Each structure stands twice: as C-alpha cells, then as structure tokens.
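In: I'd like to go over a predicted model; first the sequence, then the structure.
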Amino acid sequence: MNKYEKGNIIKGNVTGIENYGVFVNIDKEYNGLIHISELSYRFVRSINDFINIGETIYVKVIDIDNKNKQLKLSIKDINYKSGKNKKNIIIETKNGFNPLRNKLKDWIKNKIKEMDNS
C-alpha cells in the first residue's frame, strides 16, 4: 500500500524556493515540488508573494513517484493555510476568447476614430 494517493491534502514544510517552484518536505521519506504553474490560476509575479521558506502549509498531491519518494504538489485548488478546498474556482466557458475576438474589430475601429478626432 502506498503512503500517499493522488488527491490527498497533506501538511508539509517549505524548504526552498526557486524561480520555477517551491520545495516542500513532507516527512522523513518524501519531498515534493509545487511547480509555479500549480500556485495559482493567475499570473505569479513572485513566489514569495504566496509562500516563504520555513512555513508549514497544506498541499494537494497531484502525482507520485514512490520509487524516488517524490511528490508533485499543488495549492491552487485549496486554501494552503487551512487545507480546505476552495469553493469559488473559475471554470473556463465553452466560448473561451471568442467574445473578445468578436469585439476586437469594433474596438480597433473606435480607437482609430477616437485618435483621429484628437
């Protein structure tokens, strides 16, 4: 039986921060990495805006390498301070960027008209 399973929310201690992610010590055997893309659904300017070395946080297990005792982790779907799931996750609609694309020509035409009148 494996010690951890995908989807588990577990506690860990932040041991390092690099431009690409956060290293987390889980226990005496397992370590993990939160890739920068797993910190937030929004643009991450600085990882230090989220997490600092030495903090104890909650993380969600998204992949497991039992052979090397390494975990791929995420905090973007949970509250990493309390370990609870986030309720207000934005889900992309089926329209995607189409509404923006459809309005782009009008916006350009209006901006050109505005600049000509200046």
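Out: Everything's here; your move.
In: is Leu104 within a helix or a strand, and which one?
Out: Using DSSP states H and E, Leu104 sits within helix 98-116.
In: wouldn't Val61 be in contact with Ile10 here?
Out: Yes. Assessed by C-beta atoms under 8 Å, Val61 is found in contact with Ile10 at 6.6 Å. From N, CA and C alone the C-beta is placed, and that goes for glycine too.
In: list residues touching both of those two?
Out: Each of Tyr4 lies in contact with both Val61 and Ile10 under the rule C-beta atoms under 8 Å, 6 or more residues apart in numbering.
In: sorry, back to before: quick one: mean pLDDT for the helix holding Leu104?
Out: Helix 98-116 shows a mean pLDDT of 88 in the predicted model.
In: try stretch 76-87
Out: pLDDT averaged over stretch 76-87 gives 77.
In: and that stretch, what's buried?
Out: Neighbour counts using 16 or more other C-beta atoms under 10 Å place 76, 78, 80 of stretch 76-87 among the buried residues.
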